[in-house]
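Asker: Quick one, what's the 3D model for this:
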Amino acid sequence: MTQIHNLEFTERMAGLFLNHEGTLAPDQRFSRDQFLAIENSPQKRPYEFTLTIQVNDVDRFIDDPQLEATAIGSISHPLEKREVKIESATFNLFTRPQASPDLNTAKEMHYTLYLSDALGGRWTFFGFKEILKEDGLDMWDQTTTLYCYAWKGHTPFGDDTPKQLVGTGVLRISAADFIKQLGTFKTNDDNILESQRTLGKFLDAFASNLWQAYAPFVFTTTSARWNEHLFPMHTTQGVVRGEKTLHPLDTADGLTISLQRFKTHNSKNVVLLLHGLTTSTDMFIMPEHQNLVNTLHSQGFTDVWSLDWRGSGRFTYNLGPHRYTIDDIAKYDIPKAVEYIRAQCGSDIKIHVICHCVGSLSFMASLAAGHVSGIQSVISNSVSLTPQVKWQGLLKLTFGPEVLEYIFRYAYVSPRMPYFPGFGFGKWMYWMERMMRRECTEPACHLVSFMWGWGFPAAYKHRNIHPTTHRRLVDLFGGTSFHYYRHIRKMLFAKASISYESKNRVNYLHELEKRSAPPMLFISGAENNIFPGSNKLTYETLKRGVHSSKVDYVEFENYGHQDVFMGQYCHTEVFPRLIQFLKEKSA
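Answerer: As a prediction, the model looks like this:
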């Protein structure tokens, strides 16, 4: 029988605590500066704990970063100078970023203690250490500083319930206590050799995690870093209720696309979602925070479909040279999806479309050309029938597709390029971007900015991006060949949304003005760095024409392009306005 190796060590941390009341909401994590300000507050008081961390199976603990060790010991009372009991305590050595608001956080260590006293008071103490990417010069400070909260009741940090905060603190391990801690490591092994082997495994895992966080990315060539997935690829676990089904569709020009359905109940008001170029359905079902599909379900829109059209990051045919255009999406993908939804749900349903980026540009082209009809309402984000970009973006579009495809011989460009092993394919793009961009150290973030628009970063406001999302960008944005860029470039040069082919060229804006149109809500972030002002221009143009009564425009302050749907605060700052529009048009 294989022996299970146990290990324990004792850790003492001491510092300062500040009592103050308030509400700790999931989207209101304290910044590092807010924590450090406690040390200068005249109301601060000493605070400490001494915990013995018990790892009951070292091998499992190392293999599973979410696995918790237990802890016993003593801790100061959160409110008063009297005894407090630790009812239960857990410890995570290295887990994914959750508590730190710093987008450069690579790993965290979590301490969760459930406390009670003789008078019936109950509190949760939660502390975290943050390990920042490529910041090894501050390794001592990061691995020995604990930022902590205390709130009433026994609830975990990671749930969605607001916490009734009673205080915050900063605890540290002194050099003397660290030396003592090294002498407290014990195992259950029968001999010194086995004990040293168990301790070596633990310390090796500790060092390995630090290396993955601190090593400059060009030197990080372990498979764990290339293939890191904080959530499974294309997971649907972010949708909490109902049926989840996948429906592959074959287009008339020989591609396979897919619809994904999220249904809690049958409904005559069906919502169809369209992602942007290189993203996918994943952007609407993110598990790390409240997402659009869950919001729609909770507001009575119980049958939601999401189309992965041919530009989806899920399809490998985008990683080869192709000549598909926005006209193809409008002609083949979108009509096929609408036809299929009606076949499944009934011809009398009302289809409401929420579309984004190139998905929006394509849907509006399909609507204008008459490829789809009978749509109940449309919400279009960022760009639709009057695309425009910053001059820096136009400069990239003017030369980039030909330079990358014909000179460098790249079949595609992808945010995953910096993560490839060694000094290979496309890594120079990351280092070129890194020379200009100091706002973060996440390689995928820089490559998204390289691929789209111009800004620091280009596709979103960092303020709106959850730290876990920031770490998952490499999974949420895929690769693409260059022909879609060429079609957008033609539109920009023509200053109109036109078809790609010169023969019988179609101006989609003019075509829409010849047809009946559903109610349309054009939206954009006020700080959109990819298609700045594009949807506002479409709205103003249509407002002067035959569809003036059908159009409206909303701009969201402190938002950019992608974060309008993928931001961590969207459920309170963006989605309510979209739901209001949908309800008005569902009557």
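Asker: From here on, just use CA atoms for contacts and neighbour counts.
Answerer: Noted.
Asker: What segments of the stretch 201-350 of the chain are strands?
Answerer: Assigned strands in the stretch 201-350 of the chain, in chain order: 243-250, 256-263, 269-274, 303-308, 350-356 (criterion: DSSP state E, counting those that start in this stretch).
Asker: Serialize those to TSV and add fields for mean pLDDT and mean neighbour count.
Answerer: Below are those laid out as TSV (pLDDT from 0 to 100; neighbours: other C-alpha atoms under 10 Å):
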stretch	mean pLDDT	mean neighbour count
strand 243-250	98	14
strand 256-263	98	21
strand 269-274	98	24
strand 303-308	98	26
strand 350-356	98	24
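Asker: will you turn the ones you listed into TSV that also has distance to residue 508?
Answerer: Formatted as TSV, those follow (distance: least, C-alpha to C-alpha, whole Å):
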stretch	distance to residue 508
strand 243-250	25
strand 256-263	24
strand 269-274	19
strand 303-308	22
strand 350-356	17
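Asker: right, so of those, which gets closest to residue 486?
Answerer: strand 350-356 (18.9 Å; C-alpha to C-alpha).
Asker: Return the list of helices and strands in contact with the very next helix or strand once past that closest one.
Answerer: Next in sequence after strand 350-356, counting helices and strands by DSSP states H and E, comes helix 357-368. Here helix 357-368 touches helix 326-328, helix 334-345, strand 375-381, helix 508-513, going by 3 or more C-alpha pairs under 8 Å, 6 or more residues apart in numbering; DSSP states H and E.
Asker: Buried residues, the longest one. List them.
Answerer: Within helix 334-345, the residues that qualify as buried are 334-338, 341, 345, counting by 16 or more other C-alpha atoms under 10 Å.
Asker: Next: the last one.
Answerer: Applying a neighbour-count criterion of 16+ other C-alpha under 10 Å, the buried positions in helix 508-513 are 508-510, 512.
Asker: who's in contact with it?
Answerer: The contact list for helix 508-513 (C-alpha atoms under 8 Å, 6 or more residues apart in numbering) reads 364-365, 367-369, 385-386, 496-499, 542, 545-547.
Asker: And the third one, by the same measure?
Answerer: Taking contacts as C-alpha under 8 Å, 6+ apart, the residues outside strand 375-381 that touch it are 350-357, 360, 518-524, 535, 561, 578, 582, 585-586.
Asker: cool, and the shortest one?
Answerer: The set of residues external to helix 326-328 that reach it, using C-alpha under 8 Å, 6+ apart, is 358, 361-362, 365-366, 484, 487, 499-500.
Asker: For residue 78, list the residues it contacts.
Answerer: 19, 123, 150, 166-167.
Asker: Actually, residue 496.
Answerer: 385-387, 507, 509.
Asker: So which of these wins on neighbours?
Answerer: In terms of neighbour count, residue 385 stands highest of the contacts of residue 496 at 29 neighbours, by other C-alpha atoms under 10 Å.
Asker: Using the three-state scheme, assign it.
Answerer: Secondary structure, DSSP: H, G, I helix; E, B strand; the rest coil: residue 385 is coil.
Asker: any idea how far residue 327 is from residue 364?
Answerer: Shown here: residue 364 relative to residue 327, a distance of 11 Å by C-alpha to C-alpha, to the nearest Å.
Asker: now residue 140
Answerer: 56 Å.
Asker: Of these two, which one has the most company?
Answerer: Neighbour tally, residue 140 and residue 327, criterion other C-alpha under 10 Å: the higher count belongs to residue 327, 22 against 11.
Asker: Check which helices and strands the strand ranked longest in the chain is in contact with.
Answerer: Of all segments of type strand in the chain, defined using DSSP state E, the longest is strand 7-24. With contacts taken as 3+ C-alpha pairs under 8 Å, 6+ apart, strand 7-24 sits against strand 45-55, strand 163-172, helix 175-182, strand 186-187.
Asker: try it again with 6 Å
Answerer: strand 45-55, strand 163-172, strand 186-187 (3 or more C-alpha pairs under 6 Å, 6 or more residues apart in numbering; DSSP states H and E).
Asker: quick one: the second one to chain centroid distance?
Answerer: By that I understand strand 163-172. Chain-centre distance of strand 163-172: 27 Å, with C-alpha atoms, centre = their mean, to the nearest Å.
Asker: Make 497 the first number, not 1, from now on.
Answerer: Let's use 497 as the start, then, which means that last one is strand 659-668.
Asker: Okay, now the sheet partners of it, with direction.
Answerer: strand 503-520 (antiparallel), strand 641-648 (antiparallel) (DSSP bridges).
Asker: Please convert those strands to TSV, extending it with distance to residue 629, mean pLDDT and mean neighbour count.
Answerer: Supplementary listing: these in TSV, determined by distance: least, C-alpha to C-alpha, whole Å; pLDDT from 0 to 100; neighbours: other C-alpha atoms under 10 Å:
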stretch	distance to residue 629	mean pLDDT	mean neighbour count
strand 503-520	24	93	18
strand 641-648	16	96	23
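Asker: Nearest to residue 1061, out of the ones you listed?
Answerer: strand 503-520 (23.6 Å).
Asker: which outside residues touch that closest one?
Answerer: With contacts defined as C-alpha atoms under 6 Å, 6 or more residues apart in numbering, strand 503-520 is touched by 540-551, 658-669, 677, 680-683.
Asker: Which members of those are classed as buried?
Answerer: The buried subset of the contacts of strand 503-520 (16+ other C-alpha under 10 Å) comprises 540, 543-544, 546-551, 658-669, 677, 682-683.
Asker: closest one to residue 967 among the helices and strands packed on helix 853-864?
Answerer: Ranking these by proximity to residue 967 (C-alpha to C-alpha) places strand 871-877 first, at 24.2 Å.
Asker: buried stuff in stretch 911-931?
Answerer: In stretch 911-931, counting by 16+ other C-alpha under 10 Å, buried: 911-917, 922-923, 925-927, 929-930.
Asker: now, which of these sits nearest residue 963?
Answerer: residue 911 (17.2 Å).
Asker: thought that closest one was touching residue 942?
Answerer: No - in this structure, residue 911 is not within contact of residue 942 by C-alpha atoms under 6 Å, at 8.0 Å.
Asker: Please list the outside residues in contact with stretch 533-547.
Answerer: For stretch 533-547, using C-alpha under 6 Å, 6+ apart, the contacting residues are 506-514, 568-572.
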